[in-house]
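> predicted model and sequence below, questions to follow.
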Amino acid sequence: MFAASLEGRAARHALDYERMDGTLASLTFGEVDARASHMAAALSSRGLRTGDRCVVHLANRVEFIDLFLACLRLGVVFVPVNVLYRGRELSHIVSDSEPTLIVTSEEHSALFGGDSRVFSIERFNVIPKAAHETPMAPGDACDAGDAAPAVIIYTSGTTGKAKGAVLTRGNLAANAAHVVDAWRITADDRYLAVLPLFHVHGLGNGICSWLASGCAMRLVERFEIARAAAWFDEFKPTLFFGVPTVYVRLLELTPAMQKQMGEPMRLFVSGSAPLPAQVMEDFHVRFGHRILERYGMSETLMNIGNPYDGERRPGCIGFPFANVEARIVDESAAPVADNTVGQLEVRGPNVFAEYWRNAEATAKAFRDGWFRTGDMAERSHDGYYTLRGRASDLIISGGFNIYPREIEELLLDQPGVHEVAVVGADDARRGEVVIAYIVADGDVSDDALRTACASSLASFKTPRAFIRVDSLPRTALGKIQRHLLPPWVRT
């Protein structure tokens, strides 16, 4: 699938990215191909073989793409990790995936506690004319089939322990084909990539669709509202993927900026969290485009999306993609009637193979060949699907999935803390923010709790507020009744 671009469009402009000194660099598809070949040789020289795992803890940078393509060529399983993750999160993923190599930046090497498998990206040299390794020839590439594992994406579970969703080569190919077809992506498009590549939204949709279609891409390290208008003006994208938080921020720009940014655009897509209907309507007025909302998961890539041609209905996620089936059922797996809320299940070539070395979790995730998404949804009489919330206590903040149990366990480890309940509170910018209700001794300070979270968890998991309560409301069996917790009052 990628060869049509990497080899067939060798002289065509492929990628713009910022160097570490801030200057802009460009690559052709042929140069992307050559860098991947040299990176594959570099990984091979460090002992990586088909089936090994390579953990990659990097922000958006060109070397991330080099590593992804190199791992695919070698049949090495690519394990991208959220660059905001710290001690507890990193140690679990490394312990669980057992990588042969861990690649990170020089500044983050210490996060892995002196692990001998850590190699900083600055020590790799993938420029073909200067590389000392012999480049990997096309005929040397791994010939693994569709069922071979390609990527492990770690996604938090209700127990607080991250589970590794194994995405196969076939999953990635099927998803790219679905997305390119459904969203009419061609080599004439210009894709502005602002989403983190360690997430399936940025990797499975963004990178794979770019390579499958042969369009041009501008890669930035992270979304920055202060630079957004300049990126649009310089690159003039036609294609943009974002999370609701990004679209909320774009609505803060001046009307003149919004009009200018919208003129060259063909398609704005939103996912990873529910898009508020009002944001969709306001964006349509300001930018002249109706955002296409879709629904996917780490375990499934893309499942359902609003139509490219036809009504993009506010608050709805649309119809199943080609070759993807969806159903809404009750607890006994019996189908429910239209306009009735039930459990959403999906199946198709996009659905992951298994949770890495976790047969019990894999068995629980599937029912009669259908993947149990954990989302509640309903289907309208004309086929549109609408999400109605999580069956679990998932918090989605800025597009990132957060499960309360992980934060609760950390807070309960702190001296003087006796009980904790973590919930999500509505937030206009991030969708939800994390709030912690605690039963604790009087000398436990918010600053101490915040510091404990910041040292062990990603920043977006640190509670926005710590609310003291005398006791947590519980059922007779001891289960916390989160809906009975007092509301959070912003100060």
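All right, it came through fine.

> tell me the spacing between the most centrally placed residue in the chain and Ala428.
The centroid of the chain falls nearest to His199 when counting by C-alpha atoms, centre = their mean (2.5 Å). Look at His199 and Ala428: by C-beta to C-beta, to the nearest Å, they are 22 Å apart. (C-beta placed from N, C-alpha, C; glycine too.)

> so what would you say the end-to-end distance of stretch 386-401 is?
In stretch 386-401, first residue to last residue: 19 Å (C-alpha to C-alpha, to the nearest Å).

> okay, buried residues for it please.
Using 16 or more other C-beta atoms under 10 Å as the test for burial, stretch 386-401 gives Thr386, Leu387, Arg390, Asp393, Leu394, Ile395, Ile396, Ser397, Gly398, Gly399, Phe400, Asn401.

> what secondary structure does the second one sit in?
Assigned state for Leu387: strand (three-state reduction, DSSP: H, G, I helix; E, B strand; the rest coil).

> Thr373 is in contact with that one, correct?
No. Contact status for Leu387 versus Thr373: not in contact, 9.4 Å apart, counting by C-beta atoms under 8 Å.

> between the two, which contacts overlap?
Leu344 (C-beta atoms under 8 Å, 6 or more residues apart in numbering).

> sorry, back to before: got the buried residues of stretch 386-401 as a markdown table, with distance to Phe119 columns?
Below are those laid out as a markdown table (distance: C-beta to C-beta, whole Å):
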| residue | distance to Phe119 |
| --- | --- |
| Thr386 | 46 |
| Leu387 | 41 |
| Arg390 | 38 |
| Asp393 | 38 |
| Leu394 | 34 |
| Ile395 | 34 |
| Ile396 | 33 |
| Ser397 | 32 |
| Gly398 | 30 |
| Gly399 | 29 |
| Phe400 | 27 |
| Asn401 | 28 |
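
> looking at those residues, which are in strands?
The strands, defined by DSSP state E, take in Thr386, Leu387, Arg390, Ile395, Ile396, Ser397, Phe400, Asn401 from the buried residues of stretch 386-401.

> in space, what's closest to Phe232 - neighbours in sequence excluded?
Excluding the flanking residues, the one nearest Phe232 by C-beta to C-beta, 6 or more residues apart in numbering is Met261, at 4.2 Å.

> quick one: contacts for that neighbour?
Ala228, Ala229, Phe232, Asp233, Leu250, Leu253, Phe287 are the contacts of Met261 under C-beta under 8 Å, 6+ apart.

> so it is in which element?
helix 255-262 (DSSP states H and E).

> other SSEs contacting whichever helix or strand comes after that helix?
Downstream of helix 255-262, the next assigned helix or strand under DSSP H and E is strand 267-270. Judged by 3 or more C-beta pairs under 8 Å, 6 or more residues apart in numbering; DSSP states H and E, the packing partners of strand 267-270 are strand 239-242, helix 244-250, strand 292-297.

> how close does the residue lying closest to Gly8 once chain neighbours are set aside get to Phe321?
Take Gly8 and drop its neighbours on the chain: the residue closest to it by C-beta to C-beta, 6+ apart is Gly214, 7.7 Å away. Taking C-beta to C-beta as the measure, Gly214 falls 21 Å from Phe321.

> who's more crowded, the two?
Phe321 (26 against 21; other C-beta atoms under 10 Å).

> check contacts around that one.
So Phe321 contacts His178, Val179, Ala182, Met302, Asn303, Ile304, Gly305, Gly348, Asn350 (C-beta under 8 Å, 6+ apart).

> which one of those residues is nearest to Pro244?
Gly305 (15.2 Å; C-beta to C-beta).

> wait, that closest one sits on Phe319?
Yes. Here Gly305 reaches Phe319: they are 7.1 Å apart, a contact under C-beta under 8 Å.

> higher neighbour count, those two?
Gly305 (25 against 19).

> what's opposite Thr386 in the beta bridge?
Glu378 (DSSP bridges).

> ok, now Phe400?
Here Phe400, judged by DSSP bridges, has bridge partners Ser397.

> quick check: end-to-end length of stretch 295-311?
End-to-end for stretch 295-311, by C-alpha to C-alpha: 16 Å.

> buried set for that stretch?
Tyr295, Gly296, Met297, Ser298, Glu299, Thr300, Leu301, Met302, Asn303, Ile304, Gly305, Asn306.

> need the longest helix for this structure.
helix 29-45 (DSSP state H).

> how does this structure divide into domains?
3-377, 395-484 (automatic domain parsing).

> contacts for stretch 413-430?
245, 248-249, 393, 395-398, 402, 404-405, 407-408, 411-412, 432-441, 443-444, 448-449, 452, 463-464, 471-472, 480, 482, 485, 488.

> from those residues, which land in strands?
Going by DSSP E, the strands hold 395-397, 402, 432-440 from the contacts of stretch 413-430.

> which secondary structure state does Leu48 sit in?
Looking at Leu48 with three-state DSSP, the answer is coil.

> swap in Thr373?
strand.

> count of neighbours near it?
So Thr373, with other C-beta under 10 Å, has 22 neighbours.

> I'd say it and Ile304 touch.
No. Counting by C-beta under 8 Å, Thr373 sits too far from Ile304 to count as a contact (10.0 Å).

> give me the buried positions along stretch 64-83.
Here stretch 64-83 shows 64-83 as buried, counting by 16+ other C-beta under 10 Å.

> quickly find the element holding the residue nearest to Ile121 when sequence neighbours are not counted.
In space, and not counting its chain neighbours, Ile121 is closest to Glu63: 4.9 Å by C-beta to C-beta, 6+ apart. Glu63 is part of helix 62-74, with elements assigned from DSSP H and E.

> tell me how far that helix is from the chain's mean position?
18 Å (C-alpha atoms, centre = their mean, to the nearest Å).

> tell me which other helices or strands it touches.
Checking 3+ C-beta pairs under 8 Å, 6+ apart, helix 62-74 ends up next to strand 13-18, helix 29-45, strand 53-57, strand 77-80.

> now these as TSV including mean pLDDT?
As requested, the helices and strands packed on helix 62-74 are arranged in TSV below (pLDDT from 0 to 100):
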stretch	mean pLDDT
strand 13-18	97
helix 29-45	95
strand 53-57	98
strand 77-80	98
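
> who wins for proximity to Ser95 among these?
So among the helices and strands packed on helix 62-74, strand 53-57 is nearest, using C-beta to C-beta, at 10.9 Å.

> neighbouring strands of the closest one in the sheet, and parallel or not?
In its sheet, and by DSSP bridges, strand 53-57 pairs with strand 77-80 (parallel), strand 101-104 (parallel).
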